[in-house]
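# Fold the following and give me the result.
(one chain, ligands or ions: 4)
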Amino acid sequence: MATVIESEIVQGLRNGEFILYYQPKASLVTNRIVGAEALARWRRPDALEVPPGVFIPLAERSSLIRQLTLQLLDRLLEDVAGNGLGQGLSVSLNVSARDLEDATLTRTILHALAHRRLATTVLELEITETQALQGGERMLSNVQALAEAGIGLAMDDYGIGYSTMDTLSQWPFTTIKLDQGIVGRMLNSPKNATIVRSSIRLGHELGLSVVAEGVESPEQHDFLVESGCRVAQGYLISRPLPFNEFDVFRHNIGKCHGMPIGLVYMAI
Ligand code: C2E
Ligand code: MG
Ligand code: MG
Ligand code: MG
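Ligands and ions are numbered 1, 2, ... in the order given. Presented below is the predicted three-dimensional model:
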């Protein structure tokens, strides 16, 4: 893969090359789409595919992530407001520690939601535990302000951090997202199955939503249903989609209520 340099990100920000794809989240109780995770994509003029796993860490090492997150937030709210997505669906945006080191993002979010007449509950922020632990007190107080305003907070990649219990008790999380690696391994051994089952129970007993990420097979889907998990995200339901395709997808799937989700997707 070609090396990406900071100046290319600067250029990309200036030219609006960063866009969002939306990966549906499905209720395992109703089989309906209950939301989406917004994932950054870089639409470069040279068509080179540079994944977020490459450009996000690079942007995090400079201050460019802050500008990128603000641009993506704006795109997300435009998509949500322009399409009545706010009604009943919640959309999550991934954020990094640097985004929350001061109150800029917090203020921008609250202002932008009010300006677009959107309820704060349409937005959820996803943050990994590693990012949360980098942030310190300032970050926690910014996150608390967002939580008090009704914005959801998801702990991303749950299960691969190291002091999860402490972070879970100190931070105002409303959701945990079971890491896709853990979900991918849960059917390989009774130990992994137990870890997933107890994580789901722990989340629910703490009053949190639990979302399983990286759900790829009907067997994983069934195991999650049996384990009481209520929301799933992964290729079985859908890959991340451009906004227009996501919008078509969520409407079509709504009509196929009751059918196994993966089959519905393949039938469209
Ligand atoms: P994440 O937030 O944990 O996002 C989930 C990743 O898993 C996404 O990769 C998604 O495409 C992929 N995925 C979803 N379902 C499946 C599945 O069934 N199987 C497999 N194997 N993979 C699946 P993506 O889009 O490449 O994003 C990678 C990471 O980059 C994200 O992990 C997130 O940490 C970061 N990222 C993406 N967009 C943003 C953003 O806008 N801001 C920030 N700060 N980070 C972002
Ligand atoms: Mg995420
Ligand atoms: Mg994740
Ligand atoms: Mg991840």
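# in what helix or strand does the residue nearest the centre of the chain lie?
Against the mean C-alpha coordinate of the chain, by C-alpha atoms, centre = their mean, the closest residue is Glu37 at 3.9 Å. Assigned by DSSP states H and E, Glu37 belongs to strand 33-42.
# from what I can see the residue nearest to the centre of the chain touches Leu89, true?
No. Applying C-beta atoms under 8 Å as the test, Glu37 and Leu89 come out as separate, 11.6 Å apart. Heads up, the C-betas are built off the backbone N, CA and C, glycines and all.
# Neighbours of Phe173, how many?
24 (other C-beta atoms under 10 Å).
# Contacts only, for it.
By C-beta atoms under 8 Å, 6 or more residues apart in numbering, the residues touching Phe173 are Leu153, Ala154, Met155, Leu208.
# Just to be sure, which of those are found in strands?
Leu153, Ala154, Met155 (DSSP state E).
# Please could you give me each C-alpha atom of stretch 40-52, formatted as PDB?
The C-alpha trace of stretch 40-52 is given here as PDB (Å, rounded to 0.1, in the frame of the first residue of the first chain):
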ATOM      1  CA  ALA A  40     -15.100   7.200   7.400                       C
ATOM      2  CA  ARG A  41     -14.100   6.500   3.800                       C
ATOM      3  CA  TRP A  42     -11.500   8.500   1.800                       C
ATOM      4  CA  ARG A  43     -12.600   9.100  -1.800                       C
ATOM      5  CA  ARG A  44      -9.300  10.100  -3.300                       C
ATOM      6  CA  PRO A  45      -8.900  11.500  -6.800                       C
ATOM      7  CA  ASP A  46      -6.300   8.800  -7.600                       C
ATOM      8  CA  ALA A  47      -8.900   6.100  -6.500                       C
ATOM      9  CA  LEU A  48      -6.300   4.600  -4.200                       C
ATOM     10  CA  GLU A  49      -8.100   2.700  -1.400                       C
ATOM     11  CA  VAL A  50      -6.700   3.900   1.900                       C
ATOM     12  CA  PRO A  51      -8.700   2.300   4.800                       C
ATOM     13  CA  PRO A  52      -9.600   4.200   8.000                       C
END
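# could you give the mean pLDDT of it?
Averaging pLDDT along stretch 40-52 yields 96.
# ok, residues contacting that stretch?
Contacts of stretch 40-52 (C-beta under 8 Å, 6+ apart): 1-2, 4, 8, 12, 15, 17-21, 39, 55-56, 68, 72, 94, 240.
# roughly how far is the helix or strand hosting Leu168 from the heart of the chain?
If you go by DSSP H and E, Leu168 is part of helix 164-170. Remark: helix 164-170 is offset 19 Å from the chain centroid, using C-alpha atoms, centre = their mean, to the nearest Å.
# State the number of residues packed around Glu60.
So Glu60, with other C-beta under 10 Å, has 18 neighbours.
# Mind listing what's buried along stretch 128-147?
128-129, 131-135, 139, 142-143, 145-147 (16 or more other C-beta atoms under 10 Å).
# Those in helices, which ones?
Judged by DSSP state H, these include Glu129, Gln131, Ala132, Leu133, Gln134, Gly135, Met139, Asn142, Val143, Ala145, Leu146, Ala147 as members of helices.
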